[in-house]
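A.B. asks: turn this into a structure:
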Amino acid sequence: MFSFLKNIFRSREDRLARAVMDDFDIAYNLYRQLRQQEIDRILDKISEKGVACLTRKERKLLEKR
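C.D. replies: Below is the predicted model:
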């Protein structure tokens with residue numbers, strides 16, 4: 001209830017800025033989740049076949065992590 005009243009008195013620009021930040025947070029969290037899934041896939045590949053089977057791209061991704 002209180003947050004609703006707070007939002008009524010915010011300017012349109014403040015509400016828009018908040019919406020943009022919320023969208024950014026959602027996109028960033030999705031990026032992190034997808035990156036973690038890729039890392040998990042690479043680690044599973046290492047478990048099954050060994051480190052020698054990794055591509056350059058996969059090695060670079062693990063080095064950044």
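A.B. asks: could you measure from residue 56 over to residue 38?
C.D. replies: 15 Å (Cβ to Cβ, to the nearest Å). Just so you know, the C-beta spots here come from the backbone N, C-alpha and C atoms, and that holds for glycine as well.
A.B. asks: what about those two, which has more around it?
C.D. replies: Comparing residue 56 with residue 38 by other Cβ atoms under 10 Å, the one with more neighbours is residue 38, at 15 against 7.
A.B. asks: what packs against the helix or strand encompassing that one?
C.D. replies: Assigned by DSSP states H and E, residue 38 belongs to helix 12-49. Packing partners of helix 12-49 (3 or more Cβ pairs under 8 Å, 6 or more residues apart in numbering; DSSP states H and E): helix 56-64.
A.B. asks: now do the same for the residue lying closest to residue 65 once chain neighbours are set aside: its pLDDT.
C.D. replies: In this structure, residue 65 finds its nearest non-sequential neighbour in residue 39, 6.0 Å apart by Cβ to Cβ, 6 or more residues apart in numbering. pLDDT recorded at residue 39 is 95.
A.B. asks: please apply the same query to residue 6.
C.D. replies: 65.
A.B. asks: repeat that for the one 4 residues further on.
C.D. replies: We have a pLDDT of 71 for residue 10.
A.B. asks: burial of residue 62, as a residue count?
C.D. replies: 15.
A.B. asks: distance check, it against residue 39.
C.D. replies: Distance from residue 62 to residue 39, by Cβ to Cβ: 7 Å.
A.B. asks: again, but for residue 27
C.D. replies: 19 Å.
A.B. asks: which residue of those two possesses the greater neighbour count?
C.D. replies: Here residue 27 and residue 39 are compared on neighbour count by other Cβ under 10 Å; more neighbours surround residue 39, at 15 against 10.
A.B. asks: give the contact list for the more buried one.
C.D. replies: Contacts for residue 39 were tallied using Cβ atoms under 8 Å, 6 or more residues apart in numbering; they are 61, 62, 65.
A.B. asks: from those residues, pick the one nearest residue 44.
C.D. replies: residue 62 (12.6 Å; Cβ to Cβ).
A.B. asks: isn't the closest one right next to residue 40, touching?
C.D. replies: No: applying Cβ atoms under 8 Å as the test, residue 62 and residue 40 come out as separate, 11.4 Å apart.
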